[in-house]
Structures are given as structure tokens and as C-alpha cells.
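>>> give me a 3D structure for the following:
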Amino acid sequence: MGARRTRRVSYRGGVPSLSPVIAEIRLAVRTALAEVPEGSTVIVGLSGGADSLALTAATVFEARSRGIQVRSLTVDHGLQEGSSLIASTAAVAAEGVGVDDALQTRVEVDRSSGSGVEAAARDARYIALAGIARAEGAAAVLLGHTLDDQAETVLLGLARGSGATSLQGMAPIREDEDGLRWIRPLLGVRRETTRAFCAASALEFWDDPHNLETRFARVRARETVLPVLEAELGPGIAEALARTAEQLREDAEAFDEMIHETIEDIVEHAEAGISVSVAALAANPAALRNRIIRLVVDSEFGVSLTRAQTLEVARLVTDWSGQGPIDLPGCSAVRRGGQVVFAARG
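Residues are numbered from 1 along each chain as shown. Purely as a prediction, here's the structure:
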């Protein structure tokens, strides 16, 4: 397995015609790179699969005109036999498409994690990507998630009943607290297009056998649930789910702006925590009140509340009968006079 830098073109009247799939992915990457300063460095997360390999090749091509340095990073999770060889082969493929440096790293995945091996591997991968991106002085990390990945994420969030935040799916651009941008240029591109890109570019990619293991919920959504929905409800389900995510993100951004404006007026710092005006919470509709509660706890203590926990805190406002403190992840909530006080535990 490896990669060749040649690409297939057709000729009409002596003029080469670029494959439509190559043009589509290059355009998506060009649009995304407009968010990156000229002359900067980007890291492309490369597994060796079709999505990330197509992204790497298109990024190298589009970065040249803006003087952007492209480094690929392949993370070996050590979860499969021969994983180090797979990582090395992906790095060779990256060198073949012209990256400035093909980086590799190995991580230890916590197999005992309560969130499951898949989630633990993802967490370890993101930590590695962030650490190396900062070490390399990168302005952004590019990830190869496609429209199909987005649809699966929304569907799984819907199945879990985890609310609008989960149904927003993956953001095309997210900036972390250190100013590092996480960019997903291919969220509008179908998975089949990335495979066609690799075929048209004569790039050999790796098919992860985990993508066929039905013990993973995402695989079941991909291989069973979405095809059934397409068959029973008609084509375009994946695109509809992705559109839903986009619309919910737009709504959430407007909602969050309203919340931040509201919080400035109703939140005060308290001993070992923060307090929120009961009267102000009561004056807001339930959707806004619950969102304020979740945002206050997340921003102050770095933890996410479930809906059940959020509603229990809201009862301190809407159904007050003298109940005592409520234990929450990393903190507690209690009503004192006209305030709901959130304080760190321990």
C-alpha cells in the first residue's frame, strides 16, 4: 500500500479536465483555508482512510498559493494488530501527496473508560492532535469528517435523547481556549466522494475494519439504520440530518448570545462558587432558564449537566418547598434566600 502523486485526468480538445470529485473537495478545502492566516501552519489529522487522505491531498494543493505549511499527523491507538504499520503507511501516503512533514505519534487508550473504547480512543486522539499542533505552532487542525459522519452524529444524538446541543452535530469551525482552530472542511461532502477522489487521484487508502464492527453504535447507524431510513422514507436522509444540525447550530448561536447578555445581569460571584437570582430565573421561559443553569455550571465548574439534573436544579426556582442541597458533578446547588448558589464540592 502507498500513494502516488499522479492523478487521472481526461482530455477534451487537448485541455485537461479536472475530475468533478477532485474539484468538489478542493473547493471545500479552499473555502475552509480562508479562515487560516497566510504563511501559517496547519495539521491534518490523517488515519490513512479515504476521508482523511483526500483531505490531506486537497489541503496540500490548496495551501501552496497561500504559503501555508501542511503537516499530517497519524495517531496510532494501538488497538489493532499491526497498528504501527498502518500508521507508518499513512505517513508514507502523506509524503506522497507532498506534505511538509508527516508526523506520527502513539497514544495509550484507557480501555477501562466508562464511556467505551471508541470514545476513549477519540479523546486520546484529540489530546495528541492538540498537543502536537501547539508544539508545531499550528494555527489550525483539519479533520476529515464528512456529511455522512455528521448525519450519524445527529442520528445517535436523537436516539440518546440528548437534546439540541447534541443534535447540532459537529461544528465546521471551533476555536478552543488557546486560540487553536479545529476545522472540518468536508462536512458538506459525502463519504463516497472522498473515495472517488482517491480513485481519481490514484491514491490507495486504508479501510479500517472497525468501521464494519456492529458492536459500535456508529457502525450500526451507518450500516443498518440509515440504509433502512433511506429505503423506507426515500433518499436524502443524510442530507436532511446534516441540514438539521446546521439549523440548530444557528439557533443555538443566537440563543447563546441572549443567554450571555442575561447572565451578566443575574449572576454574582459567591464564596467557592457562583449564585444566580431566583427572581430572574423565574422570569425567564423554561428553555432559557434551563440553558442558563447548564451554562453557569459548565463555565464555572467545567462539567455538563444531564437534563434530569438541570430540571432538579430548576425546581429550586419553580417548585421550592425547602429542599436541601442538590449534589451535581463537581459541585452542589442550594437555594439561599433569593439566590441559587452553586459551590464546588470538597
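>>> residues in contact with Thr56?
By CB atoms under 8 Å, 6 or more residues apart in numbering, Thr56 lies in contact with Val44, Leu46, Val70, Ser72, Ala93, Ala94, Val97, Val99. C-betas here are computed from N, CA, C, even on glycine.
>>> could I get the residues you listed as a markdown table with pLDDT?
Written out in a markdown table, the entries for the contacts of Thr56 read as follows (pLDDT from 0 to 100):
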| residue | pLDDT |
| --- | --- |
| Val44 | 98 |
| Leu46 | 96 |
| Val70 | 98 |
| Ser72 | 97 |
| Ala93 | 95 |
| Ala94 | 95 |
| Val97 | 96 |
| Val99 | 97 |
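>>> what's the most distant pair in these?
Pairwise distances across the contacts of Thr56 peak at 13.5 Å for Val70 and Ala93 (criterion: CB to CB).
>>> and the contacts of Thr56, which is closest to Val276?
Closest approach to Val276 among these (CB to CB): Val44, at 42.4 Å.
>>> contact partners of stretch 301-316?
By CB under 8 Å, 6+ apart, stretch 301-316 touches 161, 163, 273, 278, 281, 286, 289-290, 293-294, 297-298, 323, 326, 328-331, 333-335, 340, 342, 344.
>>> in its sheet, what does the strand of greatest length in the chain sit against?
When the chain is parsed with DSSP state E, its longest strand is strand 69-76. The strands beside strand 69-76 in its sheet (DSSP bridges) come out as strand 41-45 (parallel), strand 101-106 (parallel).
>>> next one: the first one to chain centre, how far?
The chain centroid and the centroid of strand 41-45 are separated by 15 Å under CA atoms, centre = their mean, to the nearest Å.
>>> can you check stretch 294-307 too?
With CA atoms, centre = their mean as the basis, stretch 294-307 stands 19 Å off its chain's centre.
>>> for the stretch 101-250 of the chain, what spans make up the helices?
117-135, 147-160, 163-167, 191-200, 217-220, 226-233, 237-266 (DSSP state H, counting those that start in this stretch).
>>> thought Ala121 was touching Asp76?
No. Ala121 lies out of contact with Asp76 (CB atoms under 8 Å); the separation is 10.7 Å.
>>> export stretch 184-202 as PDB, just CAs?
Below are the C-alpha coordinates for stretch 184-202, written out as PDB (Å, rounded to 0.1, in the frame of the first residue of the first chain):
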ATOM      1  CA  ARG A 184     -13.800  20.300   9.300                       C
ATOM      2  CA  PRO A 185     -13.800  21.200   5.600                       C
ATOM      3  CA  LEU A 186     -15.700  18.200   4.400                       C
ATOM      4  CA  LEU A 187     -18.900  18.400   6.400                       C
ATOM      5  CA  GLY A 188     -20.800  19.100   3.200                       C
ATOM      6  CA  VAL A 189     -19.100  16.300   1.200                       C
ATOM      7  CA  ARG A 190     -20.400  12.700   1.000                       C
ATOM      8  CA  ARG A 191     -18.200   9.800   2.100                       C
ATOM      9  CA  GLU A 192     -18.500   8.300  -1.400                       C
ATOM     10  CA  THR A 193     -17.000  11.500  -2.900                       C
ATOM     11  CA  THR A 194     -13.800  11.100  -0.800                       C
ATOM     12  CA  ARG A 195     -13.400   7.500  -2.100                       C
ATOM     13  CA  ALA A 196     -13.900   8.700  -5.600                       C
ATOM     14  CA  PHE A 197     -11.300  11.500  -5.100                       C
ATOM     15  CA  CYS A 198      -8.800   8.900  -4.000                       C
ATOM     16  CA  ALA A 199      -9.600   6.700  -7.100                       C
ATOM     17  CA  ALA A 200      -9.300   9.700  -9.400                       C
ATOM     18  CA  SER A 201      -6.000  10.700  -7.800                       C
ATOM     19  CA  ALA A 202      -4.600   7.100  -7.800                       C
END
